[in-house]
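Asker: only geometry, no sequence info:
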């Protein structure tokens, strides 16, 4: 993750799941559909790179006890360990972390991969995926879909939302722009939090187009298995804001 990232929810992980609730286990359920489609048998080991609060891994651990998570932010890992002590969790940089083993599934969700902003960072992060993959490992990515901004697209210069849950009442206003030369989406966000005043966020996200991503994965030995813009994994023209990608590691001898 780029050191310039400032995100209230990363610094205060107790709020993350309140702002982004998944009452029906949406992300893990989608991943289970990927498992059923692209793996011969259910995974016996899962690595989540950018695991955040460990919520997804917690769900998977019900049927796969060998669940590991890595996150760049000590605050996230500390929170996850307190909340979910049965998981294997540690602080690590997705560009450099090496656990010395491979997994049946490697995941990088919640746009974590898009914090690799430069060509060098992208290459190093992909090498991390490779280092933890064995033949037929399933790689799952969840990222912003650059193709959704083409034409009329889904780009909204300004978005607002309000959170009103016990312990956290806030209004957020985000302003988005592009650094087209570097292929980045730039977000400035102001939180107005009841009882705390204003807090400013700043994030940059590397944008990937579908064909570009398929090429990058192929260069590292991953065969694209599926690419979708919806959690139902239905075939579309990939016009929606999210991109859910499944690829199988099949290195050349």
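Answerer: Everything's here; your move. On a predicted model such as this, the values are computed, not experimentally measured, just so you know.

Asker: hey, where'd the helices end up in the stretch 51-200 of the chain?
Answerer: Taking DSSP state H, counting those that start in this stretch as the criterion, the stretch 51-200 of the chain contains helices spanning 55-60, 74-83, 119-131.

Asker: among those, which comes closest to residue 195?
Answerer: Closest to residue 195 of these is helix 74-83 (CB to CB; 20.5 Å). Where C-beta positions appear, they are placed from N, C-alpha and C, glycine not excepted.

Asker: name the helices or strands packed onto the closest one?
Answerer: helix 8-11, strand 67-71, strand 88-91 (3 or more CB pairs under 8 Å, 6 or more residues apart in numbering; DSSP states H and E).

Asker: avg pLDDT for that helix?
Answerer: On average, the pLDDT along helix 74-83 is 94.

Asker: equivalent analysis for stretch 27-38, please.
Answerer: 98.

Asker: next, count neighbours for residue 71.
Answerer: Around residue 71 there are 29 other residues, counting by other CB atoms under 10 Å.

Asker: give the closest residue to residue 22 in space, chain neighbours not counted.
Answerer: In space, residue 22 comes closest to residue 55 once its chain neighbours are excluded; the distance is 7.1 Å by CB to CB, 6 or more residues apart in numbering.

Asker: quick one on the thing from earlier: residue 235: which of the helices and strands packed on helix 74-83 is closest?
Answerer: Of these, nearest to residue 235 by CB to CB is strand 67-71, at 30.0 Å.

Asker: what about the residue of the chain most remote from its centre, distance to residue 226?
Answerer: Ranked by distance from the centre of the chain (CA atoms, centre = their mean), the top residue is residue 195, with 30.7 Å. As judged by CB to CB, to the nearest Å, residue 195 and residue 226 stand 45 Å apart.

Asker: again with residue 172
Answerer: 33 Å.

Asker: which one's more surrounded, those two?
Answerer: Per other CB under 10 Å, whichever of residue 172 and residue 226 has more neighbours is residue 172, with 19 against 16.

Asker: counting neighbours, what do you get for the closest residue to the more buried one other than its chain neighbours?
Answerer: Closest residue in space to residue 172, ignoring its immediate chain neighbours: residue 191 at 5.2 Å, by CB to CB, 6+ apart. Residues lying near residue 191 (other CB under 10 Å) number 20.

Asker: distance check, residue 191 against residue 162.
Answerer: For residue 191 relative to residue 162 (CB to CB), the value is 11 Å.

Asker: identify the contacts common to these two.
Answerer: The contact sets of residue 191 and residue 162 overlap at 170-172 (CB atoms under 8 Å, 6 or more residues apart in numbering).

Asker: out of those residues, who's nearest residue 35?
Answerer: Checking the shared contacts of residue 191 and residue 162 one by one against residue 35 (CB to CB), the nearest turns out to be residue 172, at 33.8 Å.

Asker: go ahead and confirm the closest one touches residue 160.
Answerer: Yes. The criterion here is CB atoms under 8 Å, and residue 172 meets it with residue 160 at 6.7 Å.

Asker: so what sits against both of those two?
Answerer: In contact with both residue 172 and residue 160: no residue, using CB under 8 Å, 6+ apart.

Asker: for the residue nearest to residue 172, name its beta-bridge partners.
Answerer: Counting by DSSP bridges, residue 191 forms beta bridges with residue 172, residue 199.

Asker: just checking, it touches residue 9?
Answerer: No. Using CB under 8 Å, residue 191 makes no contact with residue 9, being 9.1 Å away.

Asker: and the pLDDT for the residue farthest from the centre of the chain?
Answerer: Looking at residue 195, the pLDDT reads 80.

Asker: residues in contact with it?
Answerer: residue 169.

Asker: please redo it, this time with the cut-off set to 10 Å
Answerer: 169-170 (CB atoms under 10 Å, 6 or more residues apart in numbering).
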